[in-house]
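dropping a prediction and its sequence here:
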Amino acid sequence: MRKIFQIALVVCALSIFSLAAANVGNGYIEAEGVVYYEKGMQPNAMRRIAVMDAYRYLAEEVDNLHVTAESTVRNMRDLDDVINTKVEALLRGAKVTSVTRASDGSFHALVRMPMYGGSQSLASAVLQENIPVEDFPKPKFTNISSEINYTGLVIDCRGLNLTPAVAPTIKSAAGVEIYAYKNIGYQNAVSKGVVEYADSLNSPRAGDSPLVVKAVKISGSCDVVVSEADAEKILAANVATNILANCAVVLVR
């Protein structure tokens, strides 16, 4: 068993009165460990248990995170020793962002790992480096033009149970991939992230004048499907202002 899990399981056995939760935020994976006070528990011990619980839940959250619709981080770690080693190092280096004591005596610890943003991000560990970059598809109808200089793309996926992924794909209703990791390459995906996940239509990543469309469905839990008409609009906007090439893509869930 991986060493980090061995340590976490020992702590879990001690943390009878702890709770934890994890979530994927905008560009990072964050986990929280919570330990509730019981008679005889020492503050320093509670603090340590809260931190270790947060690390344990972070490891679980990372393993369960999709890289693509077809694979999770756990799948990739099991199949590739190099990826496993990189992810283990990232988990060990995850930052404790806060440890606080609440008025009820409980301790709350937050631990965070970046999904993208550089060599210490999850994307850098799980994405394949040396892939040929493919051109974006062109609009089917050459007479379609974008009348607005769009600064980005926002796809409203609310209510469709979209699951976050490191490298999701956007497809047309006909199944054509119009935006994917293969179109932007390793450096862009690692430094900028393939997409940003948000909870509202207003995101700085998409700029002041984004093209906003509604997803028609989710494919494979992670990939977003848009109508044929919207796919044409997106591709036309990309020809005009490179919104896809610039990774100015936001998925609202």
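Received, thanks.

after the longest helix anywhere in the chain, heading C-terminal, what element do we hit next?
Longest helix of the chain, by residue count under DSSP state H: helix 43-64. Downstream of helix 43-64, the first helix or strand assigned by DSSP states H and E is strand 66-68.

low pLDDT regions in this structure?
Along the chain, the parts satisfying pLDDT under 70 run over 1-22, 142-147.

domain assignment for it?
What automatic domain parsing lists as the domains of the chain is 3-126, 152-252.

make a markdown table out of those domains and add mean neighbour count and distance to Pro139.
For glycine as for every other residue, the C-beta is placed from the backbone atoms N, C-alpha and C. Formatted as a markdown table, the domains of the chain follow (neighbours: other Cβ atoms under 10 Å; distance: least, Cβ to Cβ, whole Å):
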| stretch | mean neighbour count | distance to Pro139 |
| --- | --- | --- |
| domain 3-126 | 17 | 25 |
| domain 152-252 | 19 | 4 |
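
to Phe136, which of those domains lies closest?
Between Phe136 and the domains of the chain, the tightest spacing by Cβ to Cβ is seen for domain 152-252, at 5.3 Å.

pull up the distance across the closest one, start to finish.
End-to-end span of domain 152-252 (Cα to Cα, to the nearest Å): 13 Å.

now the domains of the chain as a markdown table including distance to Val133?
Putting the domains of the chain into a markdown table (distance: least, Cβ to Cβ, whole Å) gives the following:
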| stretch | distance to Val133 |
| --- | --- |
| domain 3-126 | 16 |
| domain 152-252 | 4 |
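
hey, where'd the helices end up in the stretch 1-150 of the chain?
Using DSSP state H, counting those that start in this stretch, the helices of the stretch 1-150 of the chain run over residues 3-14, 43-64, 73-79, 81-92, 122-126.

how about the last one as PDB, C-alpha atoms only?
So that's helix 122-126. This file holds the C-alpha atoms of helix 122-126, laid out as PDB (Å, rounded to 0.1, in the frame of the first residue of the first chain):
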ATOM      1  CA  LEU A 122      -1.700  17.800 -10.900                       C
ATOM      2  CA  ALA A 123      -2.000  18.500 -14.600                       C
ATOM      3  CA  SER A 124       1.800  18.400 -14.900                       C
ATOM      4  CA  ALA A 125       1.900  14.900 -13.400                       C
ATOM      5  CA  VAL A 126      -1.000  13.200 -15.300                       C
END
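
packing partners of it?
Contacts defined by 3 or more Cβ pairs under 8 Å, 6 or more residues apart in numbering; DSSP states H and E place helix 122-126 against helix 73-79, helix 81-92, helix 181-192.

recalculate using a threshold of 7 Å.
helix 81-92, helix 181-192 (3 or more Cβ pairs under 7 Å, 6 or more residues apart in numbering; DSSP states H and E).

so what strands line up beside the helix or strand just after it?
Where DSSP H and E defines the elements, the next helix or strand beyond helix 122-126 is strand 152-156. Taking DSSP bridges as the criterion, strand 152-156 forms sheet pairs with strand 210-214 (parallel), strand 249-252 (parallel).

any idea how far the first one is from the chain center?
Shown here is strand 210-214, whose average C-alpha point lies 20 Å from the average C-alpha point of the whole chain (Cα atoms, centre = their mean, to the nearest Å).

ok, and what's touching the helix or strand just after it?
Following the chain from strand 210-214 toward its C-terminal end, the next helix or strand by DSSP H and E is strand 217-219. Outside strand 217-219, the residues within contact range by Cβ atoms under 7 Å, 6 or more residues apart in numbering are Ala69, Cys157, Leu160, Asn161, Leu162, Lys171, Val224, Val225.

likewise stretch 124-139?
Contacts for stretch 124-139 (Cβ under 7 Å, 6+ apart): 67, 73, 76, 83, 86-87, 90, 118, 166-167, 176, 178, 181-183, 185-186, 189-190, 232, 235-236, 238-239, 244-245.

gap between the two ends of that stretch?
31 Å.

so for that stretch, what gets flagged as buried?
Buried positions in stretch 124-139, judged by neighbour count with 16 or more other Cβ atoms under 10 Å: Ser124, Ala125, Val126, Leu127, Phe136, Pro137, Pro139.
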